Structures are given as C-alpha cells and as structure tokens.
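Undergrad: Requesting a structural model of the entry that follows:
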Amino acid sequence: MTLLPRRIVVAGHAFRLHESTETKASDAVMYVLIHGVGMSHRYFARLHETLPESARVISIDLPGFAGLPQPERDLEVPEMGRLLAELVAMLGPERVVYVGHSMGAQWVLEAARAHPEHVAGIVMIGPVVDERHRTLGAQARALVVDTLGETPAANAVVLVDYLRCGMRRYLKQARRMVEYSTASAVQSIRVPVLVIRGGDDPVAGSEWGHTLSAAARRGVLTEIPGQFHNVHFTAPHAVGQAIEGWASSAH
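TA: Numbers count the residues shown, from 1 in each chain. Sure, this is the predicted structure:
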C-alpha cells in the first residue's frame, strides 16, 4: 500500500495527512485515524491497509507530534479537537467515521462535538483515561505493564515515536489527558460509538470499556482476546473487521 503524505496548516498549526493512493471511491465514508499522545500515523499503517478500498482512509499526524512543529502553547483537548474538525471539514467528506486510539479517542470526541454535521460514527480504541488510572503515575504503571505484553515490533514503533515527541511535550499533553472526562464527553455524542479494547489491555480495562459503551447513546463494546493496548497494530484484521461490521449495521 502506498500512502501519499501532505501537510496542511490550520490556524497556524501544522498537520500531516497520509491517504492511500489505492482508494477506488471518493464519495463513500471517510475513515479518519487519529493517534494517541506521543505517537504518529506509523502505528496505524496496518489498520489503514485493512480498511476497505471503497472508502477514503486518512491517517493524520497531529501538531507537535511525528516531527511536526510544536504549538506555541500547550493545547487543551477541546482545542486540538476543534482544529482537527476544521481540518476534516476542509477535506469535504460526506460522512466521517473518526477512529481514535488512546488519547486520540479524546481528540476525536471533541472533533465530533465541534463539527457534528458530517460525523457518522466514532471508534475509540483503548480509550483513556480509565477511572483506575486517574494520575500520571498510575498511567505510567499501566503502560509499563502493557509494554511487557506487547510485541517487539509494537514496542519499537512506540519507543521511536516517543523519542521523536520528547518527554516535555509528552508530559504536557498527558496532563491534559488525565484532566479530561472521557465518559462525560461520550454522553454528549449522538452518533453511534464503537469501543474496542484488547482483552488484556491494562491501560483501558474491561469495566471501563463497558462504562463508556453504556454512556453512549448508541454504544457497542468489542474486546479482542489476547491483545493489549496497541491492538490495532498487533491485530489489525480483527480490529478492521470489527469496525466494518459495526459500520455496516450502525448506519
């Protein structure tokens, strides 16, 4: 699969988009894949490839990540979400399904709240912050446990992206992450919501997944057995099938 990168600046903030050149339809649903804190589009590559050629699929690097210039000031979750929504509106989609991993789930919730008119659904993979981990220390411990269960390939991608992001940038955004109430935001969403988690994910637990899916007006929870926090990287076909099955029945 070949991804065509391009850079777009929104309100002074640089985004990088990666779109498949093999897409066969431009008027179908558009999947927008949003990484978590410290990460980039790279760990979405396998999921990107499994999603259907009949849809537009775009992976986005957010401002301050993946080597992009850092914002002059630290952005709160709603601010990043609004910028993302403005970017997606520029692309002119008829129907958008946002797919966010970890903190990316928070950003896509805010994007959907900012510009709901074309949003067909939201997929939250390993969403944070689990009520068991409401501090930076608790998040760090859960991530360490997760690292022990991830594949070497997944850990390598995470490590390289974290190094590119830098600890200062990571911690600033992680503080925003733990302050944000994901459950409250989900309650305000009117479109269908799919929550996906690895069955052994120590960051986003099963009880938390049930809480979020129950909080949504039309929520569904899917758990992929034997997988950890980066389930979209280690089990992309299972995640892709879950998304497609849900999308076909929800709309």
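Undergrad: chain center to stretch 159-178: distance?
TA: In terms of Cα atoms, centre = their mean, to the nearest Å, the centre of stretch 159-178 is set 15 Å apart from its chain centre.
Undergrad: Quick one: end-to-end length of stretch 229-237, please.
TA: Length of stretch 229-237, first residue to last, Cα to Cα, to the nearest Å: 15 Å.
Undergrad: same thing with stretch 53-63?
TA: End-to-end distance (Cα to Cα), stretch 53-63: 27 Å.
Undergrad: Can you report how many residues neighbour the residue nearest to P52 when sequence neighbours are not counted?
TA: Once flanking residues are discounted, P52 sits nearest to E244: 6.7 Å by Cβ to Cβ, 6 or more residues apart in numbering. Heads up, the C-betas are built off the backbone N, CA and C, glycines and all. Other residues within reach of E244, judged by other Cβ atoms under 10 Å, total 15.
Undergrad: shouldn't E244 be in contact with A55?
TA: No. E244 is beyond contact range of A55, at 9.2 Å (criterion: Cβ atoms under 8 Å).
Undergrad: how far is the helix or strand encompassing the residue nearest to P52 from where the chain is centred?
TA: Of the helices and strands defined by DSSP states H and E, E244 is found in helix 236-250. Centroid separation for helix 236-250 versus its chain: 15 Å, with Cα atoms, centre = their mean.
Undergrad: follow-up on the earlier one: look up how far A238 lies from the residue nearest to P52.
TA: Note on E244: its distance to A238, by Cβ to Cβ, to the nearest Å, is 11 Å.
Undergrad: just Y180 next, same as before
TA: Counting by Cβ to Cβ - Y180 and A238 are separated by 28 Å.
Undergrad: Show me where this protein dips below the pLDDT cut-off.
TA: Where the chain drops to pLDDT under 70, the residues are 1-3, 21-27, 250-251.
Undergrad: Do you have the strands of it handy? List them.
TA: 3-10, 13-20, 30-34, 56-61, 96-101, 119-125, 193-198, 219-224 (DSSP state E).
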